[in-house]
Every structure is written in C-alpha cells, then in structure tokens.
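Visitor: Predicted structure and sequence below. I'll ask about it afterward.
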Amino acid sequence: MGEAPLATPTSERPLEDRLDSWKEIAAYLKRDVTTVQRWEKREGMPVHRHLHDRMGSVYASRAELDGWTRSRNLPATQEIGNHALPPDPAPPPQSAPGTFLTRWTFVLPLAVVAALAIGASLWLQRTEHFWRSPIADARFQTVSDFDGLEQAAAVSRDGHLIAFLSNRDGQMDVWLTQAGSGAFHNLTHGSVQELVNPSIRTPGFSPDGSLVTFWVRKPGEASGGNIGIWAVPTLGGEPRPYLEGVAEFDWSHDGSRLAYHTPGPGDPLFVSNGTPRPGDVPIFTAPAGQHSHFPSWAPDGAFIYFVLGALPDKLDIWRIRPSGGPPERITWHMGRVSHPVLLDRRTLMYLASDPDGSGPWLYSMDVERRIPHRLSSGLDRYTSLAASADGRRLVATLASPRRTLWRMRLPLPSLPLPSLQLPSNDAPTEVSAPEQISLTTSTGFSPRLGANYLLYVSATGTGESIWKLANGTATELWSGQGAQVFGGPAIAPDGRNIAFSVQQRGQTVLYVMHADGTNARIVTSSLELRGAPAWSPDGQSITLAADDHGVPHLFRLAIDRGPPAPFVREYSVDPAWAPDGRFVVYSGPDIGTTFSVKAVTAEGAPYSLPALTLTRGARHLAFLPGGGALVLLRGEIQHKDLWLVDLKTGTERQLTHLPADFDIRDFDIFPDGREVVVERVQERSDVVLLDLPRP
C-alpha cells in the first residue's frame, strides 16, 4: 500500500529513511524550510520531535513523508506560494532560422492549448471541482424527540429498523423503532446495567435484521474479560450473549466474514468465517498506548476501515486488507474521529472534530482522492453515524451539550471555608445536594481551586478562554483564537501562578501566567503535550506528559531553566503530586475500558500504592490535605461518583450517590478538603434519519 507498517516506530526505521533536521526535510521535499514548517503546523505533515538530548530538534521518515504527500493529492509542482524556479530547459537543437520559425508558428499554439488543457485537468483533479456532497439532496427527518439522551444509533441492512440507546425510562436501555412508524419499543427494560461506551460502535444488527446487538460490560469487574456483545430479538425477548469476549464487530456485506476486535491491549483485530475461535491470529494490533476501533467492511470486501490512534482526540481512519499486512492511512485529522461508513466503494463518511476541538461534524471523502469535505455546519455535534447496506439511508445522533459547574459539601472535618462569597454552612455529616455555581459565561468546565478563587475554562464560537471567579466577580484571564485548553489549568501551590496546555494552529504549547492573568508566556512548544500539567509542591517545576513515538511519558520542566527532562519512562499521563513532594501519582494506558493508577518517587523510583483500577472517562486525581488520601471518580463510563481512597490501607469510601442524569466529567477539591466543585455535562440529543436520493 506504499506506507511502512504502522507498528514500526520511526526511531527503528533504517537510518537511510531518516531525515534529521528541517533542512534535510525541506531538501527532500524540494521546498524551503518555511514552507515545510507551515505544512507541519497547518496540514499535519508527519514530523517528529526529539525528546531527549536535543530538545526541539526534529526528524522525519522518508516513507511517512511519501505517504503524506500521496494522501495530500497535491502534485509538488502545483504547490501555491512556493517560489522555487523550475529547472532550466535543455537547449534546443540547432536548426536553420527559417525552418525554426516555420515549425514553431504551428507548434506553439498547439503546445499552449495542450498545456492549458493539462493544467486545467490537474487543477480540477486537485480541487475536486466536480465533487458533490453525498447528502446534498438528502431528506432529513427527526426520528426521536424524547426528553433526555439518545445516542449510538444503528440501522438495519435493509434500512427499515433503527436501534439506539436512550434513558427515556430513567436508565439507559436499548430501544427500537421502525423508520417512519413513530412507535418505540424498549428492548432491555433496565436488565443491562452498563451499555454506554462512546469510543466504539455499541448497538448494531445481525445480518438478517432479526437481532439487535449491543456492547455490554458486566458491573463490578475491572478486567477486559467482562466485555462482550449481547443480542435481543427485534420482536422482544430476553437478552443473551452473541459474541463473548468481543468488544466490537462488523459483518461483511455478503455475511460470510466477521471482523472483530477484543478488549485486549492494542484492540487486536481478527477476521473469521463466523464465530470467533480460540487460537485465531489477529491481522493487526495497535501499537502500545493506542486503540483500534470502529471496524467497517468496504462494500466489495477488499478492505476493512477502522479508526486508529490515542484516545480521545489523536485519531484517524486507516484501512487494511482482510488478509492482513501493513495498514494504510486514509485521513489526517489527528482529532476526535469516529464512525466510518462507506456508501459505496469510494464514498466514505465519518465524524471528525476541528483542530480547535469543536465538533465532531459530518465529513465525506473519495477514498481514492482523499480530500476531506466537511458536510455539516452550526453548533450541533454529531455523536454517531450508521448506514444501510445500500448506502441510501443514514442515521445519526445530534447532541447539544451543556457544561456547568456545581459545588457540594463533603463529610470531612470542619475547617474554615475559602472566601468565594458562595453560600456556606457548618461542616455536614453527609454530602450535601449539588448546588449550581452561577457563571457569567454560557459554559464552564475543567474547574480548579486556589486558596480563595476558582478557575475554569469556557468555550466560545472561536476558541476557549480561562476565567477566574473570586469575591463574587468573574474575570477573563486568557483567551486564544481557535485555541483549545486541554487537561485543565494547574495552580501553583502558593496560588500565584497558573500553568495550562493549549492546542492552537496544529501545535501544542504550555503557558505560564500570573494568577491575575498578566505575564502570560509560552514556556515550551517543543513537545506534543498530552493531558494536564501539575506543579511540584515547591512551585519550581512543572510535571507534564508528552508523546514520544505515539506513547506519552512524564517529563519535568524547571521553570526558565532549560528544556524538559524525562521523568517516567512508561506510559504516564495526568500527574498529581502528593502535598509533601515525596511521590507523584499518574494514569496508565487504557486496557479495554479501564486504566491503572501508579506512582513514582520524586527521584523516579516506583512508589507502592494499593491496587487501583479506574474506568475510562475521567483521569483527574486530587489529594486531600496531608496527602494520605486520594479523591477520584469511579463508576461507569457515562456515570461516575466521587470516591475517597486511603493510600495506606487501600480502604475505599463512596462520597457521593448522584442521580443517573448527573454526569461528572471533572472536579477539584477545595484546599481545606471540605468541599468539591464538579463539572456536569448535560446533553440534549435526538436521532435523525437521512434518506439519500437514488443515483
């Protein structure tokens, strides 16, 4: 397929494949350094950064650059803005002046016409001038209009039946409707406790449409072995196992072959002639720390398309032959990419977010030309997409999320409250009811608490900003056009400085500024940052995670004292320091739907913790005063509660019992440990049906 196998790290490629500087990369592509740096920032050209001895230097693979150039579908000689001169033409042969003029009198006009025709053809191919949206004349109609949440819609192969998840009856269930009937049937009636997993395709249908299938995880178990596919008859009945030990699957269009992956490390992808068999050999396994989801057969069975990358927002679509071999990259979004479906052999539709984190939106492309086209506009987010076998009927879910901040008092010893000018009472003996915090902005998320103020992030139509609430007054501290603040801001122990990670214009940078918003400056832009930063207890350095060949590791950055230094060698993100500085806790990789919490000392040696495994969806950890206990989020992917873990004994205590519709995504603890501020996500969503006209 023309690209090197994905599982081969760039550092392990032959030395002759490596280009070790911007100058070498530019020379290889026959461009100047400024042009290739612009391509890397704006168009995702694959360039890697050294994370060790020469911080900030870069290298690239000839094979990866060749693959990127082909996928870009832009002939090198047609690049706009490049002022390189064409090579000098070879001198013409000597001829008599009269013969020369006579010959060119006829040849020159023909050459000009031919050149114009060739140029016009190349321009039309490059810009896909005649490309047309596959949903340009589609008929849209709303399928569901419930109060609450509808998500993960699927459609039967004949396009007649639609299945989706909804909490219409209070708990999340599998629902079924016949297109256009207006009648809805609850198929599970609360019999299955955990059905939600937005990272994969959950409901589906058997090839003959007689069964609705769905992803399920047994409650109370952390290992990946509790995950499987169950099914329930479309006419009603008891749910039963369908594909045990399988996380996700897709049948080929003729129903003869099954593509599926298990929840093991790297989501091993298998192809069989039917039921999975012990001893099956995977055709592909994702590299360490990455995931492979949403397998989808091409209509002709020549390829299996799938989404590959690091969750949640470093993903793209790839494809692989059913027999195996090196996978081939199809898109270059490096964002939240999901739900690929093929309407025919060449027309791919999928969901993808913008570089600033907005969306996801509907996209389409011709898989031979590979030029992405955004099909949707407005503020609604698409959260699922599925298609009938003939590609003429699509179902999708549209969601309008709302993120707000709430506070609760915790049953901990009485200590003085911070002066946020929010209502306060004496220390409670049990958790109080959540109370919403009034904000001047429309949204609020990623809360972080200082000694006497609250920080949070707010989204606008063009980017995200950081706000400060203190003494009843909200102040904007920082904003960036097209910027996404990820992982949440980090407050220095003395409360005087703030660090935060930003993705903007295709680059990730770490900012530090004073707590009043002044003196904002970039302290590092040489790393591919991941997750949230954390200040060391002495306030002299920042611990942060950065990618090294696709796997995140913790680094330590001494403020204004040189480049970041490697700290933890294994997969590690979202650090949190103990108040006394003796050790730092961090999150490990997702395995299935769970990840482990580990720790190292300040010197980088392993630090013993009670065994602690959490469910995907929230990685933030917060120490209580004294450092002997951690507060964290535990529960299902979609719904979690706050728990307290004693780090000496391993004893766990549930702090909150929130209702099913109270979905927490982030939190922070007041410095005195008596109260908590949480980020609540509320989504209003509907299932929509798109009928595409016949060609």
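Guide: Sure, I can see it. Residues are numbered from 1 along each chain as shown.
Visitor: what about stretch 478-489, how long is it end to end?
Guide: Start-to-end span of stretch 478-489 (C-alpha to C-alpha, to the nearest Å) is 11 Å.
Visitor: Please compute how far that stretch lies from its chain's middle.
Guide: Its chain's C-alpha centre and that of stretch 478-489 lie 16 Å apart, by C-alpha atoms, centre = their mean, to the nearest Å.
Visitor: residue ranges with poor pLDDT in the chain?
Guide: 1-16, 41-42, 49-57, 71-130, 219-225, 355-356, 377-379, 412-430, 461, 695 (pLDDT under 70).
Visitor: mind listing the helices for it?
Guide: Per DSSP state H, the chain carries helices over the ranges 22-29, 33-43, 62-72, 97-127.
Visitor: how many other residues sit next to the closest residue to Gly209 other than its chain neighbours?
Guide: Distance criterion C-beta to C-beta, 6 or more residues apart in numbering; nearest residue to Gly209, sequence neighbours excluded, is Ser156 at 4.2 Å. C-betas here are computed from N, CA, C, even on glycine. For Ser156, the count of nearby residues is 26 (other C-beta atoms under 10 Å).
Visitor: ditto for Asp32
Guide: By other C-beta under 10 Å, neighbour count at Asp32 equals 16.
Visitor: Am I right that it is in contact with Ile25?
Guide: No. Asp32 lies out of contact with Ile25 (C-beta atoms under 8 Å); the separation is 10.8 Å.
Visitor: follow-up on the earlier one: wait, the residue nearest to Gly209 touches Asp390, no?
Guide: No. Counting by C-beta under 8 Å, Ser156 does not reach Asp390; the two are 11.6 Å apart.
Visitor: Mutual contacts of the two, please.
Guide: By C-beta atoms under 8 Å, 6 or more residues apart in numbering, Ser156 and Asp390 have no common neighbours.
Visitor: First-to-last residue distance for stretch 180-192?
Guide: 27 Å.
Visitor: Now that stretch: buried residues?
Guide: Residues of stretch 180-192 classed as buried: Phe184, Leu187, Thr188, Val192 (neighbour count, 16 or more other C-beta atoms under 10 Å).
Visitor: Contacts made by that stretch with the rest, please.
Guide: Stretch 180-192 is contacted by residues 144, 163, 168-171, 173-177, 195, 212, 214, 216, 230, 232, 234, 236, 238-239 when judged by C-beta under 8 Å, 6+ apart.
Visitor: out of those residues, which are buried?
Guide: 144, 163, 168, 171, 173-177, 195, 212, 214, 216, 230, 232, 234, 239.
Visitor: Can you list which of the residues you listed are found in strands?
Guide: Ala163, Asp173, Val174, Trp175, Leu176, Thr177, Val212, Phe214, Val216, Trp230, Val232 (DSSP state E).
Visitor: now, among these, which is nearest to Arg680?
Guide: Nearest to Arg680, judged by C-beta to C-beta, of those is Asp173 at 22.2 Å.
Visitor: what sits against the closest one?
Guide: Leu165, Ser166, Asn167, Asn186, Leu187, Thr188, His189, Gly190, Val192, Leu195.
Visitor: same check, this time on Asp666
Guide: For Asp666, the contact set (C-beta under 8 Å, 6+ apart) comprises Phe445, Ser446, Pro447, Gly488, Ala618, His620, Val678, Glu679.
Visitor: same check, this time on Leu642
Guide: Remark: with contacts taken as C-beta under 8 Å, 6+ apart, Leu642 is in contact with Leu410, Val631, Leu632, Leu633, Gln654, Leu655, Thr656, Ile664, Phe667, Val676, Val678.
Visitor: Repeat the analysis, applying 6 Å as the threshold.
Guide: By C-beta atoms under 6 Å, 6 or more residues apart in numbering, the residues touching Leu642 are Leu655, Thr656.
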